[in-house]
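A.B. asks: Test case, fold it:
(one chain, ligands or ions: 1)
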Amino acid sequence: MIANNLYNQFLEAKKTGGKKFVVLIDPDKVRLGKISKVLELSVEAGVDYFFIGGSLVVNDMLDYVLKSMKEMCHIPMILFPGNSHQLSYKADAILFLSLISGRNADLLIGKHVITAPFLKVSPLEIISTGYMLVDGGIMTSVQYMSNTSPIPANKDDIALCTAMAGEMLGLKQIYMDAGSGAKNPISESMIKTVSSAINIPLIIGGGISTPEKAAANAKAGADILVVGNAIEKDPQLIRDIAAAIHEQSAVRNINLVP
Ligand code: 1GP
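C.D. replies: Purely as a prediction, here's the structure:
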């Protein structure tokens, strides 16, 4: 693994207008029979990356899930940890998340201090990420577990200033998330406002359940779109959502080239 390999892909895509599609896999919800179908559909559809994580992860399946996934396909796997125990060297990279929408010091810097020495010696590519929770209309697991207030859904200006501050602090990308299973995904207006003010990649997720919404988000300025829940319910959606996102790319997606 070349250091910064995946992040360089994100930057290159942003520069050329490429849109990336991420399927979120929660190791707690994985059934290996079902995941092979999800992986097969993901390869066919040209899914760009997997994020692996959940707010809790109560069973000890992370290493096993990653190892099994690696045997089945070559789509890069990026840890999206809900807490500092969700570490595995079997992934390719990790989102080193700072919850910049909240005021919980532990999630802004505390857990990072504890995890840093382990990450320093790990083979994982470390991608520092300003994580912004936006109100999605219901209390999501991440909101409850992080003990923080999300940014109100209609406060584009707060999202804008938070993202700008994250970029100025040197974070490599911004992830705006309405939380898994959000009732209301993030508005296009907020995505547009934030994306027009920052130069680093913008990841959007939470409650996206249709190809139309995914396409509208990409058009509004999202560089990377994450979908979990909707695909857990209906894996066949992968194909249509992937096509809708990649159609918004200014260039042909590299993973679709045979
Ligand atoms: C959650 O952004 C991800 O952190 C994906 O959300 O599961 O609602 O698609 P969904």
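
A.B. asks: Kindly state the pLDDT recorded for Leu169?
C.D. replies: Turning to Leu169, the model gives it a pLDDT of 98.

A.B. asks: Tell me who's in contact with it.
C.D. replies: Shown in contact with Leu169 (Cβ atoms under 8 Å, 6 or more residues apart in numbering): 100, 130. Quick note: C-beta positions are derived from backbone N, CA and C, even for glycine.

A.B. asks: and the closest residue to the ligand within the stretch 51-200 of the chain, how far is that from Lys219?
C.D. replies: Here the residue of the stretch 51-200 of the chain nearest the ligand is Ser180; by Cβ to the nearest ligand atom that distance is 3.6 Å. Ser180 is 23 Å from Lys219, where distance means Cβ to Cβ, to the nearest Å.

A.B. asks: Compare those two and say which is more crowded by neighbours.
C.D. replies: Between Ser180 and Lys219, counting by other Cβ atoms under 10 Å, Ser180 is the more crowded of the two (23 against 15).

A.B. asks: from the middle of its chain, how far away would whichever strand in the chain runs longest be?
C.D. replies: The residue-count maximum for a strand in the chain (DSSP state E) belongs to strand 125-133. Put simply, strand 125-133 sits 9 Å off its chain's centre (Cα atoms, centre = their mean, to the nearest Å).

A.B. asks: name the helices or strands packed onto it?
C.D. replies: helix 5-16, strand 93-99, helix 141-146, helix 156-168, strand 173-177 (3 or more Cβ pairs under 8 Å, 6 or more residues apart in numbering; DSSP states H and E).

A.B. asks: and the helix or strand following the shortest one with the ligand, contact?
C.D. replies: Put plainly, it is strand 173-177. For strand 173-177, the following helix or strand on the C-terminal side (DSSP states H and E) is helix 188-195. No - Helix 188-195 stays out of contact with the ligand when judged by Cβ under 6 Å from any ligand atom, the minimum separation being 13.2 Å.

A.B. asks: elements contacting helix 188-195?
C.D. replies: If you count contacts as 3+ Cβ pairs under 8 Å, 6+ apart, helix 188-195 packs onto helix 156-168, strand 173-177, strand 202-205, helix 211-220.
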